[in-house]
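Student: Need coordinates for the below:
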Amino acid sequence: MTNRFSSLATLAVAIAVASAVVAAQQKVPMAPFGPVAPTGLANRPLPKLPMEFDTGEGQRIRVTAFVTGLENPWTVAWLPDGSMLVTERPGRLRLVRNGKLDPTPVAGAPAARNIGISGEPGAVHGYMDVVLHPSFASNQLVYLAYTKPLDEKRQTTAIARGRWNGSALVDTKDIFVGAEGNGVARLAFGRDGMLYVTTAGNGGQDGNSQGGKVLRLKDDGTVPPDNPFVGKAGYKPEVYTLGHRSSLGLAVHPGTGQMWLNENGPNGGDEINILKPGANYGWPLVSYGRTYPGPWQVERPGHAGFEPPVVLWIPSIAVSGMTFYTGDRLPKWKGDVFVGALRTGEIPGTGHVERILFNEKMEELRRESLLVELRQRIRDVKQGPDGLLYVVTDQNPGAVLRIEPAS
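Tutor: Model (predicted):
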């Protein structure tokens, strides 16, 4: 009898302790897409620059403000004369010449619809990527991804192509108009001369949907005949890979020529993937992330049966632009991959630049978080023609920052 009462008492204590733990857990307010984000680190202005930082490889760097006064800039592209094109999400293409921002937006660019910047800080709308044709020196062609209005309430995403005349775009026209609701984010020309296009939206496993895919197009927007799904029932011919969520980074590996892509998971499960024609990367059937309210995206997180990532983030860092560093100005980083981060662990004000070191087989060895102290949303990171790194902050006011050796 004594043992029975003792067991009951132990059980009662355990239940009381468990109840106390549950009762002590805070009730987190929820928004339509998940927990309401905390604001303790959010909306910090860019600190006074230049600033110097020590880094993990023993390479001290200086960060300077190359261009300021931008409104939610998205990316940059360099013209052969050293000038820089900058896209702003509200729908402006800007020109930076000799380090100075032209106060007048570039003429001849398409009209875009700006939606969601204030209400949805992670949304991808307005002006997005801008890239030059591989033969720009002879044809002066510029490609721009943007949100295209269809009517007063509906919009889609499109790719416009125009010819640069030295100060403006001329003969601008759409070469690709996506299905309604599918977001185009990144553009990149491959070694094969084809234009690779990432799309967001639902339908990652539906071959007849453009959403959640990488598309492969000719430079005029038509479909190459050697695309993996050309002539196959149940697939749009422009589809190159499928099973992606929201892909905001796209870069060609300088050695192999393979196209590398990064994509956002939900709450956890951000990835870097190497694209293979016709491959399926699993979203939403597989993921290493949780849904925003807390439960796992799938019952057993993983990538069984689908192409696995080469780099994984748990928690998410909200991956954005990506580049391979091949320059000599920052020699201890040569060969490393750099990825922009918009926020870490679902906490605003924790954006940074992530550096990833690989071995000769492109297997990850270590990674480092850079510029955390700036408290900025990092939308893109690019290597400039001068061999330095340039970082785009998705803020208003936003900036293009330059990373250079401290001495």
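Student: alpha carbons only for contacts and neighbour counts from here, please
Tutor: OK.
Student: ok, residue 288 touching residue 271?
Tutor: No: if you go by Cα atoms under 8 Å, residue 288 and residue 271 don't touch, sitting 9.1 Å apart.
Student: Overlap in contacts, these two.
Tutor: Both residue 288 and residue 271 are in contact with residue 265, where contact means Cα atoms under 8 Å, 6 or more residues apart in numbering.
Student: Tell me where this protein has helices.
Tutor: Assigned by DSSP state H, the chain shows helices spanning 2-24, 136-139.
Student: Out of these, which gets the lowest mean score?
Tutor: Mean pLDDT is lowest for helix 2-24 among the helices of the chain, at a mean of 57.
Student: Model confidence for residue 390, exactly?
Tutor: Confidence score, pLDDT, at residue 390: 98.
Student: Any idea what the nearest residue to it once chain neighbours are set aside is bridged to?
Tutor: Once its chain neighbours are removed from consideration, residue 390 has its nearest residue in residue 402; the separation is 4.6 Å (Cα to Cα, 6 or more residues apart in numbering). When bridges are taken as DSSP bridges, the partners of residue 402 come out as residue 64, residue 390.
Student: Contact partners for residue 402?
Tutor: Shown in contact with residue 402 (Cα under 8 Å, 6+ apart): 63-66, 388-391.
Student: Tell me the one among those residues nearest to residue 322.
Tutor: residue 391 (10.4 Å; Cα to Cα).
Student: is it true that that closest one touches residue 404?
Tutor: No: in terms of Cα under 8 Å, residue 391 does not count as a neighbour of residue 404; the distance is 11.4 Å.
Student: what about these two, which has more around it?
Tutor: Set side by side, residue 391 and residue 404 show unequal neighbour counts under other Cα atoms under 10 Å, the larger going to residue 391 at 26 against 18.
Student: and stretch 99-115, which residues are buried?
Tutor: By neighbour count with 16 or more other Cα atoms under 10 Å, stretch 99-115 contains the buried residues 101, 105-106, 108-110, 112-115.
Student: Identify the residues contacting it?
Tutor: Outside stretch 99-115, the residues that touch it by Cα under 8 Å, 6+ apart are 66-67, 83, 89-96, 125-127, 146-149, 155, 160, 162, 167-173.
Student: Buried subset of those as a ChimeraX selection?
Tutor: Buried members of the contacts of stretch 99-115, defined by 16+ other Cα under 10 Å, are picked up in ChimeraX with:
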select :66,67,83,89,90,91,92,93,94,95,96,125,126,127,146,147,148,149,155,160,162,168,169,172
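Student: re the thing from before, could you dump the contacts of residue 402 into a markdown table with distance to residue 36 added?
Tutor: As requested, these are exported to a markdown table (distance: Cα to Cα, whole Å):
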| residue | distance to residue 36 |
| --- | --- |
| 63 | 32 |
| 64 | 33 |
| 65 | 32 |
| 66 | 34 |
| 388 | 37 |
| 389 | 34 |
| 390 | 32 |
| 391 | 28 |
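Student: what two of the residues you listed have the greatest distance between them?
Tutor: Within these, 65 and 388 form the most distant pair, 13.1 Å apart (Cα to Cα).
Student: which stretches of this structure have low pLDDT?
Tutor: Per-residue confidence for the chain (pLDDT under 70) gives these ranges: 1-23, 115-123, 181.
Student: Could you rerun that using 50?
Tutor: Low-confidence regions of the chain, defined by pLDDT under 50, span residues 117-121.
Student: sorry, back to before: highest neighbour count among the contacts of residue 402?
Tutor: Most neighbours among those, by other Cα under 10 Å: residue 391, with 26 neighbours.
Student: For residue 354, see how far away it is.
Tutor: Residue 391 sits 11 Å away from residue 354, taking Cα to Cα, to the nearest Å as the criterion.
Student: do residue 348 as well
Tutor: Taking Cα to Cα, one finds residue 348 at 16 Å from residue 354.
Student: ok so, going back, which of the buried residues of stretch 99-115 sits closest to residue 225?
Tutor: Here the nearest of these to residue 225, counting by Cα to Cα, is residue 110; it sits at 28.9 Å.
Student: How about residue 393, nearest residue that isn't a chain neighbour?
Tutor: Using Cα to Cα, 6+ apart and skipping the chain neighbours, the partner closest in space to residue 393 is residue 378 (4.6 Å).
Student: Tally up the residues packed near the one you found, please.
Tutor: Using other Cα under 10 Å, the number of residues around residue 378 comes to 31.
Student: Now that it has come up, it's in contact with residue 349, right?
Tutor: No: the pair residue 378 and residue 349 does not pass the contact test of Cα under 8 Å, sitting 10.2 Å apart.
Student: Residue 247 and residue 260, how far apart?
Tutor: Relative to residue 260, residue 247 is positioned 11 Å away (criterion: Cα to Cα).
Student: ah, wrong one, I meant residue 52
Tutor: As judged by Cα to Cα, residue 52 and residue 260 stand 31 Å apart.
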